[in-house]
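Visitor: Fold the following.
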Amino acid sequence: MVRAGGPQPVGRRAVSLVITGGTVVTIDPARRVLSPGALAIDGADIVGVARPEEISARFTAGQTIDASGQVVLPGLVNTHTHAAMVMFRGLADDLALMEWLERYIFPAEARTVSPEMVRVGTELALLEMIRSGTTTFADMYYFEEEVGRAAKRAGVRAVVGETIIGFPVPDAKTPAESLKRAEDLAREFARDPLIVAAVAPHAPYTLDREGLQACRSLSDRFAIPILIHVAETADEVRTMRERFGLSPVAYLASIGFLGPRIVAAHGVWVSQEDIATLGRSGVGIAHNPESNMKLASGTAPVPRYLAAGLNVGLGTDGAASNNDLDMFEAMRQAALLHKLESRDPRAIGASVALDMATIGGSRALGLDKLVGSLEPGKRADVITVSMAGPRQTPMYNAVSHLVYVSRGDDVQNTIVNGRILMRDRRVLAMDEPAVLAAARKLAEKVREAVKQ
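Guide: Numbering: from 1, shown residues only. Coordinates of the predicted model:
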């Protein structure tokens, strides 16, 4: 519930928004859980996190959200997705990665991807993310300027990476053209409060040495992130060893590619030596448990990554291989997968899974000074999650419930940079009927294209 503030008592600081009455899971360095707790937000920033009586004594608000019966936590950070690929959701399932890509996805993209398709698909993805509590996402695809512009209009924080790949794609005929697009992207979103441009070489097996090094150079020149798929499948590792006699990680290290600001998606097939190399290089990992399971790619050694001190975030991957963008499901599957893989119920606990979906993801993306925890001075990227239903009753441990019980449609309020994007399940930042209508219309074009 949101209500307008009344007269402002003397002696209290006027702020734009107070969220009060819920259980506040801060993810701060002390991992405080305040039950009940409250947040004070002024403009884009969090200015107070404390007990409700303390916040009430210090602040008076223009608006108040009553979060009673809800958990308040940092917005979720999706470290790897392809937003516009929601338009290929369910197009081809139950296939190995290369068959899925080469027989279905690459042909579908060749016939359907355009600026309009990317805009419409991204808007649909943004609607799904707002509704399920994702406030930051890292994306790599084509026509990424459309992704950045759509995210900015909707008010969602994003890292947008222009894909660089070694064959003609919908928005470029050559890697050099794609690199120019990435440079233009970096210029367009320089110093933007919500959007960070990135360069996104597809993978070490789909781009030659010169192309990879050019991506590294562009990243260094503009101080922007690199998003790349690495060691996703056993076939990829076999291909790289046949070509170069090295693992994908060792090859990237040998050509001087590895370094700060890289987010490596998947990282399934790596040795302990590879993990050490990634750690020394400051590379972040985007763990995509659902996509890896669905495509039978394997299980990333996340416990070993964490033990080695790497920053590990969670990702959904694209909805074409997941088939949703629900980060609550990603948390749950990450926790369960590693328990099964290791036969150790302590392998990835609820608190670790929640960390990966919040502060871990923000660290991997280099955004942890801004988001990922609820602390004064950070941006107000906040969600509230209902715990009032039968499925959530009783609640003894908020963190456990967030990971093992909650779903995306339990999210009640989504706030980014202090702006309320969804209030009491009603999306304010987008025209939901228009987004859905445009996506359904475009789906007819996709259906016809893939029949050819």
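Visitor: Tell me what the most centrally placed residue in the chain is bridged to.
Guide: In the chain, the C-alpha nearest the mean C-alpha coordinate belongs to residue 78, at 1.3 Å (CA atoms, centre = their mean). Residue 78 forms beta bridges with residue 137, as assigned by DSSP bridges.
Visitor: can you tell me which residues contact it?
Guide: Applying CB atoms under 8 Å, 6 or more residues apart in numbering, we find residue 78 in contact with 129, 134, 136, 137, 138, 314, 315, 316, 325, 327, 330, 361. For glycine as for every other residue, the C-beta is placed from the backbone atoms N, C-alpha and C.
Visitor: can you tell me which of these are in helices?
Guide: If you go by DSSP state H, the contacts of residue 78 have 129, 327, 330, 361 in helices.
Visitor: With respect to residue 17, which of the residues you listed is nearest?
Guide: residue 129 (20.8 Å; CB to CB).
Visitor: Excluding chain neighbours, what is closest to the closest one?
Guide: Computed as CB to CB, 6 or more residues apart in numbering, the closest residue to residue 129 that is not its neighbour in sequence is residue 325, at 5.5 Å.
Visitor: sorry, back to before: most widely separated two among the ones in helices among the contacts of residue 78?
Guide: 129 and 361 (13.3 Å).
Visitor: Neighbour count: these two, which is higher?
Guide: Between residue 129 and residue 361, counted using other CB atoms under 10 Å, residue 361 has the larger neighbour count: 34 against 30.
Visitor: Could you report the separation of that one from residue 68?
Guide: 28 Å (CB to CB, to the nearest Å).
Visitor: returning to what we had before: the residue nearest to the centre of the chain and residue 138, how far apart?
Guide: Residue 78 is 7 Å from residue 138, by CB to CB.
Visitor: who touches both of the two?
Guide: The contact lists of residue 78 and residue 138 share residue 315, where a contact means CB under 8 Å, 6+ apart.
Visitor: what number of residues lie near residue 378?
Guide: Neighbourhood size, residue 378 [other CB under 10 Å]: 22.
Visitor: Would you mind listing the residues in contact with it?
Guide: Neighbouring residues of residue 378 by CB under 8 Å, 6+ apart: 45, 46, 369, 370, 371, 372.
Visitor: Quick one, which of those are buried?
Guide: 45, 46, 370, 371, 372 (16 or more other CB atoms under 10 Å).
Visitor: which phi and psi does the fourth one have?
Guide: Geometry field for residue 371 lists phi and psi as phi -140, psi 170, criterion degrees, to the nearest 10.
Visitor: isn't it right up against residue 380?
Guide: No. Using CB atoms under 8 Å, residue 371 makes no contact with residue 380, being 9.2 Å away.
Visitor: Buried residues of the helix or strand hosting residue 443, list them for me.
Guide: Assessed by DSSP states H and E, residue 443 sits inside helix 432-451. Across helix 432-451, burial judged by 16+ other CB under 10 Å covers 432, 435, 438, 439, 442, 443, 445, 446.
Visitor: What are the boundaries of the strands in the stretch 251-400 of the chain?
Guide: 262-266, 284-287, 312-314, 382-386 (DSSP state E, counting those that start in this stretch).
Visitor: Show me what the shortest one packs onto, helices and strands only.
Guide: In this case it means strand 312-314. Where contact means 3 or more CB pairs under 8 Å, 6 or more residues apart in numbering; DSSP states H and E, strand 312-314 is packed against strand 76-81, strand 284-287, helix 302-307, helix 327-342, helix 361-364.
Visitor: cool, the last one as well?
Guide: The criterion is 3+ CB pairs under 8 Å, 6+ apart, and the helices and strands that strand 382-386 contacts are strand 70-74, strand 411-416.
Visitor: The longest one to strand 382-386, inter-axis angle?
Guide: Orientation of strand 411-416 against strand 382-386 (axes from the mean of the first three to the mean of the last three CA atoms, to 10 degrees) gives an angle of 180 degrees.
Visitor: Please find the angle between the direction vectors of the helix or strand just after strand 411-416 and strand 382-386.
Guide: Sequence order places strand 419-423 as the next helix or strand after strand 411-416, per DSSP H and E. Between strand 419-423 and strand 382-386, the angle comes out at 20 degrees (the same axes, to 10 degrees).
Visitor: what are the pairing partners of strand 419-423, and which direction each?
Guide: So strand 419-423, judged by DSSP bridges, has these partners: strand 411-416 (antiparallel), strand 426-427 (antiparallel).
Visitor: quick one: contacts of it?
Guide: Looking at what lies outside strand 419-423 - CB under 8 Å, 6+ apart - the contacts are 2, 17, 44, 63, 65, 130-131, 154-156, 411-415, 427-429.
Visitor: So residue 236 sits against residue 248, correct?
Guide: Yes. Here residue 236 reaches residue 248: they are 6.2 Å apart, a contact under CB under 8 Å.
Visitor: list residues touching both of these two?
Guide: 203, 204, 205, 269.
Visitor: Format the buried ones among the contacts of residue 378 as a markdown table; extra columns: pLDDT.
Guide: Formatted as a markdown table, the buried ones among the contacts of residue 378 follow (pLDDT from 0 to 100):
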| residue | pLDDT |
| --- | --- |
| 45 | 98 |
| 46 | 98 |
| 370 | 98 |
| 371 | 98 |
| 372 | 98 |
